[in-house]
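Participant: A structural model of the following input is requested.
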Amino acid sequence: MFILLNTYEFDTILSKSLNKGKDYITMKEEIKRSSANCNARTDLALEVRESFEEDNVEVSGVVLEEDYVQDKDIKITRVIIKDEHGQAAMGKPIGTYITIEAPRLQEDDETYHEPLTEEIVKYIKELLGEDKEGEVLIAGLGNREVTPDALGPKVVDNLFVTRHLIREYGEEFKQKNQMESMSAIAPGVMGQTGMETSEILKGIIKQTKPKCLIAIDALAARSVSRLNTTIQITDTGISPGSGVGNHRNALNEECLGVKVIAIGVPTVVDGATIVNDTLERFLDGKGFSEEEMYKFMEEVREKMVCNMFVTPKGIDDAVKRISYTISEALNQCFCQTI
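Facilitator: Coordinates of the predicted model:
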């Protein structure tokens, strides 16, 4: 967006913005509020928590724990929202959000993906608790025809489903092969089925009666560096499409009647975020004060298009590799003979 402005236009906008007479603090708060609607969309609880750190604000009711697994080059961050205060501040439900940051996640390197799979298994089992022993339903959310949104369906394609085998061969077969009953569905999106995902899953859950649901979906990130390199695992469920402003009915225990674990990988970033970050770096490099930067950004933000999302090149290969890693983790969770 800024590239289209020549020097005269830049000076004009900056001059106008600095002479509007608004109080700087008021201006800053207005811009932060508008960013929630336009240029700071994210599904990652970690990024929401980081936005408070930038302002040196302690968030009541929110606990942050970090760990780095050096031999695997993996950073684990746990954001725990403990009460209503934390829920209101974060804008996310009470629960645990585990973020696995793996810089080489999208690389084609089996020696890296194997230990990463072990970490994913570990945290899925942790959040499942006692429910890890019992029938589980896997839901691969998203549109198979749109590459950045095809993560969920591709995970389902690689699962070793066992429900039909256990029903056919009985409990002895289950114990001999050390497996739990696992079924899977890729319910598509409303534009393909005419039904809410929650409606489809409610019907399946009513018939099959699983102990828990694990939903896999593509997410939106605030930081470009987290695209295809981050996995979020949470016990709070998920609201499909929320990161790109396409809100659908939430998939959680309250709605579906069973425990819901959500696994997501950010594959897109809001285009306005890229513009915003680029402008901030440019203005900071030119020696503008923080007040001047905020006022100028308010002017430019009025011209931004907020409904454009960007995905990295090579997204098809990245989604294929990441989906395989997640499916392997799920297979190992519920079938120890694999």
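Participant: I figured Lys202 hits Asn249, correct?
Facilitator: No: here Lys202 does not reach Asn249: they are 9.7 Å apart, not a contact under CB atoms under 8 Å. Heads up, the C-betas are built off the backbone N, CA and C, glycines and all.
Participant: Grab the CA positions of stretch 133-150 and hand them over as CSV.
Facilitator: Presented in CSV, the C-alpha positions along stretch 133-150 are these (Å, rounded to 0.1, in the frame of the first residue of the first chain):
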residue,chain,number,x,y,z
GLU,A,133,-8.4,-44.3,26.5
GLY,A,134,-11.7,-44.6,24.6
GLU,A,135,-13.3,-43.9,21.3
VAL,A,136,-12.2,-40.8,19.5
LEU,A,137,-13.5,-38.9,16.5
ILE,A,138,-11.1,-36.9,14.3
ALA,A,139,-12.6,-34.0,12.3
GLY,A,140,-10.5,-32.5,9.5
LEU,A,141,-11.9,-29.1,9.1
GLY,A,142,-11.5,-26.9,6.1
ASN,A,143,-12.0,-26.7,2.3
ARG,A,144,-10.1,-29.4,0.5
GLU,A,145,-10.2,-27.3,-2.7
VAL,A,146,-8.3,-24.4,-1.2
THR,A,147,-4.7,-25.3,-0.5
PRO,A,148,-4.0,-23.2,2.6
ASP,A,149,-7.3,-24.5,4.1
ALA,A,150,-6.8,-28.2,3.2
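Participant: What mean pLDDT does it get?
Facilitator: Throughout stretch 133-150, pLDDT has a mean value of 93.
Participant: Stretch 266-281 too?
Facilitator: Here stretch 266-281 scores 81 as its mean pLDDT.
Participant: looking at this structure, which helix or strand is least sure?
Facilitator: Least confident helix or strand, the chain: helix 24-37 with a mean of 44, by mean pLDDT, DSSP states H and E.
Participant: Tell me the helix or strand right after it.
Facilitator: Remark: after helix 24-37, the chain's next helix or strand is helix 45-53, criterion DSSP states H and E.
Participant: Show me which positions of that next one end up buried.
Facilitator: Under the neighbour-count criterion of 16 or more other CB atoms under 10 Å, helix 45-53 has Ala45, Leu46, Glu47, Val48, Arg49, Glu50, Ser51 buried.
Participant: and those as CSV, adding distance to Ile138 and pLDDT?
Facilitator: Shown next, in CSV, are the buried residues of helix 45-53 (distance: CB to CB, whole Å; pLDDT from 0 to 100):
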residue, distance to Ile138, pLDDT
Ala45, 22, 90
Leu46, 24, 91
Glu47, 26, 89
Val48, 27, 87
Arg49, 28, 86
Glu50, 30, 84
Ser51, 32, 78
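Participant: Can I get these in CSV including distance to Ala329?
Facilitator: Output for the buried residues of helix 45-53, formatted as CSV (distance: CB to CB, whole Å):
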residue, distance to Ala329
Ala45, 20
Leu46, 20
Glu47, 23
Val48, 25
Arg49, 25
Glu50, 26
Ser51, 29
